[in-house]
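Undergrad: structure for this input, please:
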Amino acid sequence: MSEVAIIDNGGANIASLRYALERLGASSHLTADPDELRAARRVILPGVGAAADAMSRLRALGLVDLLPRLTQPVLGICLGMQLLFASSEEGGDGEDTECLGLIDERVTRFPERAGFPVPHMGWNQLRLVAPSPLFDGIADGEYVYFVHSYAAPIGPWTLAASDYGAEFSSAVRRGNFHGVQFHPERSAATGSRVLENFLELT
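TA: As a prediction, this is how the structure comes out:
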């Protein structure tokens, strides 16, 4: 069994994510099979695109009820992190999208602000908020790479925050579920260390 099961929910950057894991000595495979996800040592929920589309795919795959019941370490990346929340303002029909509900809050679009174009794209700093093994060996103020138009609020779930006109959660945790808004596979040494730390979670 591969060390990491990556949920096959569409989206880009899967190849670069798998390559980043491979560089760390971890095998991975794409799957949407419920039995394989239950058996995997670790699971990654990636995501690029719209929340409504991603949730529709997860429903079609029969994974919406399964994912919140997983007990091994799970990492949501970018949109995958946002899907851990109760809902997203990013709906396909003008209404909110119901998400996985692990964190009882709403993801919202960045407001229009002078000097802060949407999407938020590029390098930004992490402010470490709460101790977490996910950030072992990572200093406060390190830079990571973001591409997103919607953001999660700050709360007791926040592990790290970043500022783009206002603060948002750039990393979260609820039990065995972790999420990062940035792309670790595109975030140089800091992102590689985050992935390495995830591989060491038990």
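Undergrad: quickly note the distance from the residue positioned nearest the centre of the chain to Pro153.
TA: Centroid check for the chain by CA atoms, centre = their mean gives Ile77 as the closest residue, at 2.3 Å. Between Ile77 and Pro153 the computed distance is 19 Å (CB to CB, to the nearest Å). For every residue, glycine as well, the C-beta is placed using N, CA and C.
Undergrad: for the residue nearest to the centre of the chain, name its beta-bridge partners.
TA: Val180 (DSSP bridges).
Undergrad: check contacts around it.
TA: Each residue near Ile77 by CB atoms under 8 Å, 6 or more residues apart in numbering is listed here: 17, 44-47, 179-180, 183-185.
Undergrad: filter these to the buried ones?
TA: If you count burial by 16 or more other CB atoms under 10 Å, the buried members of the contacts of Ile77 come out as 17, 44-47, 179-180, 183-185.
Undergrad: among those residues, which are in helices?
TA: Leu17 (DSSP state H).
Undergrad: which one of the buried ones among the contacts of Ile77 is nearest Pro68?
TA: Top of the list for closeness to Pro68, among the buried ones among the contacts of Ile77 and by CB to CB, is Leu45 at 11.1 Å.
Undergrad: distance of the closest one from Ala160?
TA: In terms of CB to CB, Leu45 sits 18 Å off from Ala160.
Undergrad: show me where the chain has its helices.
TA: Using DSSP H, helices in the chain cover 14-23, 34-39, 51-60, 79-82, 188-200.
Undergrad: deepest of those, which one?
TA: Highest mean neighbour count among the helices of the chain (mean count of other CB atoms under 10 Å): helix 79-82, with a mean of 26.
Undergrad: what segments of the protein are strands?
TA: Counting by DSSP state E, the chain has strands at residues 4-7, 28-31, 42-45, 74-77, 85-88, 97-98, 103-109, 120-125, 127-128, 143-148, 150-151, 158-163, 167-174, 177-180.
Undergrad: to Thr190, which of those lies closest?
TA: strand 143-148 (5.6 Å).
Undergrad: in terms of secondary structure, what does the closest one contact?
TA: If you count contacts as 3 or more CB pairs under 8 Å, 6 or more residues apart in numbering; DSSP states H and E, strand 143-148 packs onto strand 120-125, helix 188-200.
Undergrad: quick one, which of these is nearest to Glu142?
TA: The nearest among the helices and strands packed on strand 143-148, by CB to CB, is helix 188-200 at 4.6 Å.
Undergrad: run the chain-centre distance for the closest one.
TA: 13 Å (CA atoms, centre = their mean, to the nearest Å).
Undergrad: what is the nearest of the contacts of Ile77 to Glu36?
TA: Ile44 (13.0 Å).
Undergrad: pretty sure that closest one contacts Met81?
TA: No. Counting by CB atoms under 8 Å, Ile44 does not reach Met81; the two are 10.9 Å apart.
Undergrad: now Ala188: how far from Trp123?
TA: Counting by CB to CB, the gap from Ala188 to Trp123 is 9 Å.
Undergrad: what about Met121, distance to Glu90?
TA: The value you get for Met121 to Glu90, if CB to CB is used, is 16 Å.
Undergrad: more neighbours, these two?
TA: Shown here are Met121 and Glu90; by other CB atoms under 10 Å, Glu90 has more neighbours (22 against 12).
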